[in-house]
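Peer 1: this is a predicted model, with the sequence first.
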Amino acid sequence: MLGMWLRNVRGRTPGNLPGLRSPEGDVRGSRGGLTTSPPPLVLPQNESVPEPDSPQASMEIEITPLPPLPVAARLLEFGVTLARADQQLLMLDYDGTLAPFRVERMEAVPYPGVKEYLATLIATGTQVVLISGRMSKEVAALLGMTPAPEIWGCHGWERLAGGEYTRIPLAPKQEERIFKAGYTLKNEGFGSRLEFKHGSIALHWRGADEAEQRAIEIAGLRTFEPVSGPDLRLHRFDGGLELRATGRDKGLVVRELLQRIEPNTPAAYLGDDQTDEDAFRALAGRGLGVLVRSEPRDTAATIWLRPPEELLQFFDLWCKSTHQP
Ligand SMILES: [Mg+2]
């Protein structure tokens, strides 16, 4: 199976390997190192190379740090790790990552092929966990998989796993202020734009024209800002504002999931939005962060994929790396 994975990578350069870009561009590593060969060393004319053991040599030798691994090499290395491991952990955001955005939020079903790949990965032993800002039951309904994978909803404030639903309780003051903020906006006529969740309230403007979007944003800021503080934070996301209880986020869920598995288990997190940056940071140095988005942006992720084609290619590579014949 590893041979199949390698065949997908061999013979291609990082620039033409589909989906194997870093967030900064086609041929750069995530920390800015060039993935192309460094320029040849050219000595100035009339200068000779000092003998290695001469005093001059010892004073002038400068050690240049090696550039980070090329993006394709990172994935090759990750694929080898996947193939060798007994366990693998794949963590996924939902909206914008596995499913395209829709104005009608309950119409956001996965890209064709996603469910089939996830079902194969689960069947062949990969631990698949979804971590979403949505309520977990909504994600389960939209995903439509039986059995459903483990789903953490509301940025880690609730969990649906093996048919069991659990909530982490909020402090009463947090709950009360979230409810009041929602009630205020509902009274101002924004009820259809609100999403009441456990631990947060989101105000959406997706699908609104520019003027309406601005009006929603102003109303949201006017309501959320006065009640935000150390225990409730105002966040911007791709398509709205959210007032969210502090204490849980996607990064914390990633850290908890990593604690459940053996230290060397290969792990990846795929996400698209600002809320996924907590998860990318939690995974840094421990796994592969993958930004899934039509355009790159500043991110703590390791590589960038354009959905849906490159997302499906990534799942395909994962399947081929872990499939037991
Ligand atoms: Mg998302």
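Peer 2: Perfect, I can see it now. Numbering: from 1, shown residues only.
Peer 1: just checking, Ser136 touches Gly153?
Peer 2: Yes: using CB atoms under 8 Å, Ser136 makes contact with Gly153 at a distance of 3.1 Å. Any C-beta I mention is one placed from the backbone N, CA and C, and that applies to glycine too.
Peer 1: what residues are shared contacts of these two?
Peer 2: Contact criterion CB atoms under 8 Å, 6 or more residues apart in numbering; residues bridging Ser136 and Gly153 by contacting each: 159-160.
Peer 1: look up how far the ion lies from the closest residue to Gly240 other than its chain neighbours.
Peer 2: Distance criterion CB to CB, 6 or more residues apart in numbering; nearest residue to Gly240, sequence neighbours excluded, is His204 at 4.2 Å. To the ion, His204 is 13 Å away according to CB to the ion, to the nearest Å.
Peer 1: His204 contacts Glu104, doesn't it?
Peer 2: No: in this structure His204 lies outside contact range of Glu104 using CB under 8 Å: 10.7 Å.
Peer 1: please report phi then psi for the closest residue to the ion within the stretch 1-150 of the chain.
Peer 2: Proximity of the stretch 1-150 of the chain to the ion (CB to the ion) peaks at Gly96, 3.7 Å away. According to degrees, to the nearest 10, the main-chain angles of Gly96 amount to phi 80, psi -20.
Peer 1: do I have it right that it meets Gln274?
Peer 2: No: with contact defined as CB under 8 Å, Gly96 does not reach Gln274; the gap is 10.9 Å.
Peer 1: please identify which of these two sits among more neighbours.
Peer 2: Gly96 (20 against 13; other CB atoms under 10 Å).
Peer 1: residue contacts, that one?
Peer 2: Gly96 neighbours (CB under 8 Å, 6+ apart): 238, 271-273, 292-293.
Peer 1: quick one: which two of those are the most distant?
Peer 2: Asp238 and Val292 (12.1 Å; CB to CB).
Peer 1: so the two - more neighbours on which side?
Peer 2: For Asp238 versus Val292, neighbours defined as other CB under 10 Å are more numerous around Val292 (25 against 13).
Peer 1: give me the three-state assignment for the residue lying closest to the more buried one once chain neighbours are set aside.
Peer 2: The shortest distance from Val292 to any residue other than its chain neighbours is 4.6 Å, reached at Thr97 (CB to CB, 6+ apart). Here Thr97 is coil, with the state taken from DSSP: H, G, I helix; E, B strand; the rest coil.
Peer 1: burial of Arg174, as a residue count?
Peer 2: Check again: residue 174 is Gln, not Arg. Gln174: 21 neighbours (other CB under 10 Å).
Peer 1: roughly how far apart are it and the ion?
Peer 2: Taken as CB to the ion, the span from Gln174 to the ion is 23 Å.
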